[in-house]
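Engineer: Quick one: sequence plus predicted model below, questions after.
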Amino acid sequence: MATTMINVRMDVDTKKAMEDVCKELGMNMTTAFTIFAKKMARERRIPFEVSVDPFYSEENLAHIRRSLAQLDSGMGRAHDTIDDNE
């Protein structure tokens, strides 16, 4: 089967993170993209849910930044995170 070259642009940190995960899975990025492409072609859809995580909304991130600034200035107190699985 003939192959073709595809160029993908992404930021350096994302590329490094993807390379690390691929390495842990015993594959390279080419294999990961090929798996994605074959699954997308077969299913005729993006093979995962694409949505916006509300945790990363600008409003929530601003609240987290304000809370961290208060902690850094000596106001409030730190606490452990709550894990629903416990």
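Structural biologist: Yep, that arrived.
Engineer: contact partners of stretch 32-51?
Structural biologist: 6, 8, 18, 22, 25 (Cβ atoms under 8 Å, 6 or more residues apart in numbering). C-beta: built from backbone N, CA, C; applies to glycine.
Engineer: Mind listing what's buried along it?
Structural biologist: Buried residues in stretch 32-51, defined by neighbour count with 16 or more other Cβ atoms under 10 Å: none.
Engineer: Mind checking which of the contacts of stretch 32-51 are in strands?
Structural biologist: Assigned to strands by DSSP state E, none of these qualify.
Engineer: Can you flag which of those belong to helices?
Structural biologist: Taking DSSP state H as the definition of helices, those contribute 18, 22.
Engineer: Considering the contacts of stretch 32-51, which possesses the most neighbours?
Structural biologist: C22 (16 neighbours; other Cβ atoms under 10 Å).
Engineer: Run a quick check on it versus K15, I expect a contact.
Structural biologist: No. Assessed by Cβ atoms under 8 Å, C22 is found out of contact with K15, at 10.4 Å.
Engineer: what residues are shared contacts of those two?
Structural biologist: M29.
Engineer: ok, back up a step: just put the contacts of stretch 32-51 in a markdown table and tack on pLDDT and distance to I46.
Structural biologist: A markdown table is the format used below for the contacts of stretch 32-51 (pLDDT from 0 to 100; distance: Cβ to Cβ, whole Å):
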| residue | pLDDT | distance to I46 |
| --- | --- | --- |
| I6 | 94 | 17 |
| V8 | 94 | 16 |
| M18 | 96 | 17 |
| C22 | 96 | 19 |
| L25 | 96 | 20 |
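Engineer: Format the contacts of stretch 32-51 as a markdown table; extra columns: distance to D80.
Structural biologist: Output for the contacts of stretch 32-51, formatted as a markdown table (distance: Cβ to Cβ, whole Å):
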| residue | distance to D80 |
| --- | --- |
| I6 | 45 |
| V8 | 40 |
| M18 | 31 |
| C22 | 33 |
| L25 | 32 |
